[in-house]
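> based on what follows, work out the 3D shape:
(chains A and B)
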2 protein chains.
Amino acid sequence: MRELGCDGVPKPFERVVRANIGDCHALGQKPITFIRQVQALAACPALASSAAVPEDVRQRAQEILDDCTKSSVGAYSPSAGLQVVRARVAQFLSARDGVRACADDIYLGSGASDVIKAVLTMFVQDVDGKPPAVMIPIPQYPLFSGTLAELGLRQAEYFLAEEQQWALDVDELQRCWSRASQDCAVRALVVINPGNPTGQVLTRENMEQIVKFAYEHNLFLLADEVYQENIVSKPFFSFKKVMHEMGAPYSSMELASFVTCSKGWAAECGQRAGFVELRAAAAAPAFRVARAVMQCPNVLGQCILDCVMQRPAPGDPSYPQFAQELSDIRQVLAERTQTAYETFNSIPGYFCNPIDGSMFAYPRVSIPEAAQAAARELHMSPDEFYCLRLLEETGVCVIPGTGFGQLPGTFHFRTTILHPRDEFQHMMDSIRRFHHDFLQRYS
Amino acid sequence: MRELGCDGVPKPFERVVRANIGDCHALGQKPITFIRQVQALAACPALASSAAVPEDVRQRAQEILDDCTKSSVGAYSPSAGLQVVRARVAQFLSARDGVRACADDIYLGSGASDVIKAVLTMFVQDVDGKPPAVMIPIPQYPLFSGTLAELGLRQAEYFLAEEQQWALDVDELQRCWSRASQDCAVRALVVINPGNPTGQVLTRENMEQIVKFAYEHNLFLLADEVYQENIVSKPFFSFKKVMHEMGAPYSSMELASFVTCSKGWAAECGQRAGFVELRAAAAAPAFRVARAVMQCPNVLGQCILDCVMQRPAPGDPSYPQFAQELSDIRQVLAERTQTAYETFNSIPGYFCNPIDGSMFAYPRVSIPEAAQAAARELHMSPDEFYCLRLLEETGVCVIPGTGFGQLPGTFHFRTTILHPRDEFQHMMDSIRRFHHDFLQRYS
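I've put the predicted structure just below:
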């Protein structure tokens, strides 16, 4: 699509706006200085004597190197990750949830996708002659559907309730489970919170309903919580915390929770770091062995995770700059979510739920019947047709809802919203103008 | 095994010597300064203004950052890797082989293991109702056998000819192929050169025989050439070069060649970088699509590959230090391979081929019948029994030949040989003493 402007044919727009990939750095977000300084010193400790870096950076890099064999990030770490990093993850989780986390339950990976695939692999066996299935939300970031297909697992789709701000409706979960259970053994339930592409943060009440549902049906809960640091104003509750506070029998349920450095304020997509906290007494030993025979995730990526799990604190030399950078990032998120929400809802035929977090908007668009017919002529779905026209006429590149799933008869697209302000405004203006013309053409 | 010394029970040795993992940095090899400085500046460009780094380091880091979206290593690169790095790989290969390599044939991965698995995935389909098989050497680094098992591919084992310095004997290849072809479709031939664990470098004549064999049987050649920079004195010929110089029809055969930054003089195991050059007209489009839907390999790892592919040249500010570091690394390899070869062959009952390269020795050991009987009593193979006793009595940890495969009735172990000189000498002395005692006990 980037080549749209490069074929010499004049286009009705000046530039392509890429709003299709959730990559904050590619949208202009600046890296966190503390993270990058720690990485630089871990890679090249000799720089510590010559470069202008704060004392807490030196200290952090040294703590990590002390846990590397022969103090080199070029030596293999344990497959699950450096002990110092896993301990820091456990500390972070303990403080977040008010219940002790154990470093032995933490497995680092090359981003969350690596460990998500590893955890889903736990469910590939048939149960009593029935093929295994995993419940996933629709709409849904297609990592899950893609991985299930790769592993030969059936996907049982439940629809998020757009009219209830993308909540999980227990009746819908029940419908999905009952239908899938006719010919499958439903093994696990995937919940994405905050949502991707939907951007909602689940209420605590809804989470408790989900936990009870999973308990009743003996489902392993997979909590994709990678956007937990990308929330504007609502509180974030992890599923682990909710389960713990619900008490027995829920507090001892099996759970896998995923976190990545590609999201959050670090947003280091290109550096491939993440982890799963796996609480699964029965399955853990086999999982541990499966991970142990693999090579470790890259060690400089593990450094990022270390920094994210224990950020500079007030009083640390790096704190003032860190606090300013964090504040800037949060301000951009707060502004863009609000503007996107207001703008989309001000366009006739658009509906957009409040965006609690993540870095996306997933507005619903009314597409006139004539346009739907034109799409069918081209063997496209109406939302694909809409997004392709949007790209061709404005240069704005978004992903049609077909890529994430949607209730039949509804049409959406996902757009990232973290562009620089002028580009973001240009994008929103382009969409508004385009939709106005589109409606005129097809009404 | 490291816990051997930690249980409070007195041991007959002072320290554990880990000779089981091919991890040079863990054995004390120092990282290449140029590589680490480039990584540090790529991670933290602001350091360039304050740190004492040579101009060619700044320039290299800048070239890489210029190819990163918004100049951040935290943005996703293309899935196949940064264009600047792939172009540098192609340049390196073109100069090495005397035949033009194309950046479009280069796919970066998280180490070679990642791309080896991806390439093997090309062969999972049945052919005319027959299950697919891949020919692999015995002995063999178990990455291949493990990956074949994971992918559900049959492995067709051919034995390396220990008496011909671990060459590939065409009669043996033919025997393996014929036997496997009875109930499988043999799709591909894996050759590891230089050998792991065997350390040989194949002669050019042998390589030409292998190419002809692969051509005659329509086999896709997978050349694991990851140790090509770990050779003491022989010349290295890539299979691509040999095929090219053999001319038609061999010069247009399909080939996948693997290289990794975990080996060679960089030896950055913990940083997960490698690539495959894939020449496969028919299969390339599907392979490209399969890689494109994955996330990129970590970008700071890609920086290492860039440095390995274009090292500092005479006249560059970094050259003197780089040349010294490289010379030190090569001297250690030359010394240790020679000493290991001589020492093992001086132990009664040991035989060791000349070690041309890699970082391993794979000596054959005569195990007395009484010891073999003792092993059977414990349900162990004789080489496992031998290595376990060696560990318990000397603290030297090596891997029994059973882990790599060996001709039935022969017994081997693999040991790394790149330890610091005093540790290496201690290890060789320990093995000699142990073997003497072992023979006395079981003769």
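> those helices in chain A, which residues are they?
Using DSSP state H, the helices of chain A run over residues A:33-43, A:55-66, A:83-97, A:111-120, A:143-151, A:170-181, A:204-216, A:239-246, A:284-292, A:299-309, A:319-346, A:369-377, A:382-394, A:421-442.
> with distance to A:Leu407 added, can I get these in CSV?
Any C-beta I mention is one placed from the backbone N, CA and C, and that applies to glycine too. Below are these laid out as CSV (distance: least, CB to CB, whole Å):
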stretch, distance to A:Leu407
helix A:33-43, 40
helix A:55-66, 47
helix A:83-97, 34
helix A:111-120, 25
helix A:143-151, 16
helix A:170-181, 11
helix A:204-216, 19
helix A:239-246, 25
helix A:284-292, 35
helix A:299-309, 36
helix A:319-346, 18
helix A:369-377, 15
helix A:382-394, 12
helix A:421-442, 21
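> adding distance to chain B, mean neighbour count and mean pLDDT, write these out as JSON lines.
Formatted as JSON lines, the helices of chain A follow (distance: least, CB to the nearest CB, whole Å; neighbours: other CB atoms under 10 Å in any protein chain shown; pLDDT from 0 to 100):
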{"stretch": "helix A:33-43", "distance to chain B": "4", "mean neighbour count": "28", "mean pLDDT": "98"}
{"stretch": "helix A:55-66", "distance to chain B": "10", "mean neighbour count": "19", "mean pLDDT": "97"}
{"stretch": "helix A:83-97", "distance to chain B": "13", "mean neighbour count": "19", "mean pLDDT": "98"}
{"stretch": "helix A:111-120", "distance to chain B": "6", "mean neighbour count": "23", "mean pLDDT": "95"}
{"stretch": "helix A:143-151", "distance to chain B": "7", "mean neighbour count": "17", "mean pLDDT": "92"}
{"stretch": "helix A:170-181", "distance to chain B": "26", "mean neighbour count": "16", "mean pLDDT": "98"}
{"stretch": "helix A:204-216", "distance to chain B": "28", "mean neighbour count": "17", "mean pLDDT": "98"}
{"stretch": "helix A:239-246", "distance to chain B": "25", "mean neighbour count": "20", "mean pLDDT": "98"}
{"stretch": "helix A:284-292", "distance to chain B": "10", "mean neighbour count": "14", "mean pLDDT": "91"}
{"stretch": "helix A:299-309", "distance to chain B": "4", "mean neighbour count": "28", "mean pLDDT": "98"}
{"stretch": "helix A:319-346", "distance to chain B": "11", "mean neighbour count": "17", "mean pLDDT": "97"}
{"stretch": "helix A:369-377", "distance to chain B": "25", "mean neighbour count": "14", "mean pLDDT": "97"}
{"stretch": "helix A:382-394", "distance to chain B": "18", "mean neighbour count": "21", "mean pLDDT": "97"}
{"stretch": "helix A:421-442", "distance to chain B": "12", "mean neighbour count": "16", "mean pLDDT": "96"}
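> kindly state the domain boundaries assigned to chain A.
Following automatic domain parsing, one finds the domains of chain A at A:2-22+A:326-442, A:69-309.
> compare these and give me the one nearest B:Gln91.
Nearest of the domains of chain A to B:Gln91, taken as CB to CB: domain A:69-309 at 23.1 Å.
> now for the nearest residue to A:Ile210 once chain neighbours are set aside, how many residues are close by?
Using CB to CB, 6 or more residues apart in numbering or on different chains and skipping residues adjacent in sequence, the residue nearest A:Ile210 is A:Leu168, 5.5 Å away. A:Leu168: 24 surrounding residues under other CB atoms under 10 Å in any protein chain shown.
> what does A:Leu168 show for phi and psi?
Per-residue torsions, A:Leu168: phi -90, psi 120 (degrees, to the nearest 10).
> compare the helices of chain A and give me the one nearest B:Ala48.
Nearest of the helices of chain A (CB to CB): helix A:33-43, 10.3 Å.
> residues making contact with the closest one?
Applying CB atoms under 8 Å, 6 or more residues apart in numbering or on different chains, the contact partners of helix A:33-43 are A:47-48, A:51, A:53-54, A:56-58, A:60-61, A:64-65, A:73, A:266, A:268, A:299-300, A:303-304, A:306-308, A:311-312, A:318, A:321-322, A:325, B:36, B:39-41, B:43-44, B:46-47, B:300.
> pull the CA atoms of it into CSV?
Only the C-alpha atoms of helix A:33-43 are listed here, as CSV (Å, rounded to 0.1, in the frame of the first residue of the first chain):
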residue,chain,number,x,y,z
THR,A,33,15.6,7.1,27.5
PHE,A,34,16.2,5.0,30.7
ILE,A,35,15.5,1.8,28.8
ARG,A,36,17.8,2.6,25.9
GLN,A,37,20.6,3.8,28.2
VAL,A,38,20.4,0.5,30.2
GLN,A,39,20.5,-1.5,27.0
ALA,A,40,23.5,0.5,25.7
LEU,A,41,25.5,-0.1,28.8
ALA,A,42,24.5,-3.8,29.0
ALA,A,43,25.7,-4.2,25.4
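> quick one: it to helix B:33-43, angle?
Taking axes from the mean of the first three to the mean of the last three CA atoms, to 10 degrees, one finds helix A:33-43 and helix B:33-43 inclined to each other by 170 degrees.
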